[in-house]
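Visitor: Sequence isn't available, so here's the structure alone:
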């Protein structure tokens, strides 16, 4: 059984002021799996026309936050609004790029077919895809550098190419708010540059993009705003003032200290003893062969 706590007056006063103009307003969201809370009492208002990173350790509830906002998983309590409206009324203005690992890439469709799926709300279900919609889909593929692969089966593309196609599908929705779950995961440097360029163009066009992001080194440079999340929101706001050592230590706990020590060891050129032993063993095996 979940036990909900009563907030004090000071805690209630600390809640953000929710605005009907905000592309995303989260009110007291709690999400639980098998009666175990994963997100607890989340309050958040997303500013418009910003690139926003959701940062936190594994298991912190980052993907869960996105899925709960989109109604893909149920909330134990709370509500979510988009521009002051419910999800059902605002859905046409929202785009979503899921984790690449959750997609069945063996499904026999072309890259162009996948992007056209992003236009189904405009096309209408069970209606043929017109030339105009296909042309719009091709333009989206061009924006992500994949126009030459329009007729290629999606299963024949590399991981980075598949991610670009899914980004093109989101662009085809012509949304005002985009949720993206780890769009940079497992992609090469060229794809990463292409993705951030597209995201910045969306922001400059007045769109809001909320991404789950793992790379602390690029979170502050790629994104205007950050949400530091670990079951609850530790801090949120402009990246420069939110992604601080103190906030990161609070978010990651002891894990960040271990990461810092590892980074310092690499910078000094230090190699763990076990690694040296492994290298000697590898060398001796190679000589034996």
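Guide: Done, it's in. This structure is a prediction, so every number in the text was calculated from the model and none was measured. Residues are numbered from 1 along each chain as shown.

Visitor: Go ahead and measure how far the helix or strand harbouring residue 234 is from the middle of the chain.
Guide: For residue 234, the host element (DSSP states H and E) is strand 232-238. Chain-centre distance of strand 232-238: 16 Å, with CA atoms, centre = their mean, to the nearest Å.

Visitor: Check stretch 239-259 too.
Guide: For stretch 239-259 - counting by CA atoms, centre = their mean - the centre lies 19 Å from the chain centre.

Visitor: Not counting it itself, show me its contacts.
Guide: By CB atoms under 8 Å, 6 or more residues apart in numbering, the residues outside stretch 239-259 that reach it are 53, 55-57, 60, 216, 219-220, 223-226, 228-230, 234-236. Glycine gets a C-beta too; all of them are placed from N, C-alpha and C.

Visitor: Pull out the buried residues from those residues.
Guide: 53, 55-57, 60, 219-220, 223-226, 228-230, 234-236 (16 or more other CB atoms under 10 Å).

Visitor: Three-state assignment for residue 78, please.
Guide: strand (DSSP: H, G, I helix; E, B strand; the rest coil).

Visitor: can you count the residues close to the nearest residue to it once chain neighbours are set aside?
Guide: In space, and not counting its chain neighbours, residue 78 is closest to residue 29: 3.7 Å by CB to CB, 6 or more residues apart in numbering. Residues lying near residue 29 (other CB atoms under 10 Å) number 22.

Visitor: From the contact counts, what lies against the helix or strand where residue 29 lies?
Guide: Here residue 29, judged by DSSP H and E, is contained in strand 24-33. Contacts defined by 3 or more CB pairs under 8 Å, 6 or more residues apart in numbering; DSSP states H and E place strand 24-33 against strand 36-46, helix 62-69, strand 77-81.

Visitor: Can you give me the buried ones in the shortest one?
Guide: This means strand 77-81. For strand 77-81, by 16+ other CB under 10 Å, it's 78, 80, 81.

Visitor: Against residue 25, how distant is the first one?
Guide: In other words, residue 78. When CB to CB, to the nearest Å is applied, the distance between residue 78 and residue 25 equals 11 Å.

Visitor: for the last one, same thing?
Guide: Separation of residue 81 from residue 25 (CB to CB): 4 Å.

Visitor: Find residues that contact each of these two.
Guide: Shared contacts of residue 81 and residue 25 (CB under 8 Å, 6+ apart): residue 18.

Visitor: neighbours of residue 100, just the number please.
Guide: Neighbour tally, residue 100, other CB under 10 Å: 18.

Visitor: correction: residue 70
Guide: Neighbours of residue 70 (other CB under 10 Å): 15.

Visitor: can you map out the helices along this structure?
Guide: 9-13, 62-69, 87-90, 111-117, 120-123, 131-143, 159-172, 189-204, 216-222, 239-242, 245-252, 254-268, 273-288 (DSSP state H).

Visitor: Just put those in TSV and tack on distance to residue 45 and mean pLDDT.
Guide: Shown next, in TSV, are the helices of the chain (distance: least, CB to CB, whole Å; pLDDT from 0 to 100):
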stretch	distance to residue 45	mean pLDDT
helix 9-13	16	43
helix 62-69	12	97
helix 87-90	15	96
helix 111-117	31	93
helix 120-123	26	74
helix 131-143	29	93
helix 159-172	23	92
helix 189-204	17	94
helix 216-222	20	93
helix 239-242	14	96
helix 245-252	18	92
helix 254-268	27	54
helix 273-288	46	39
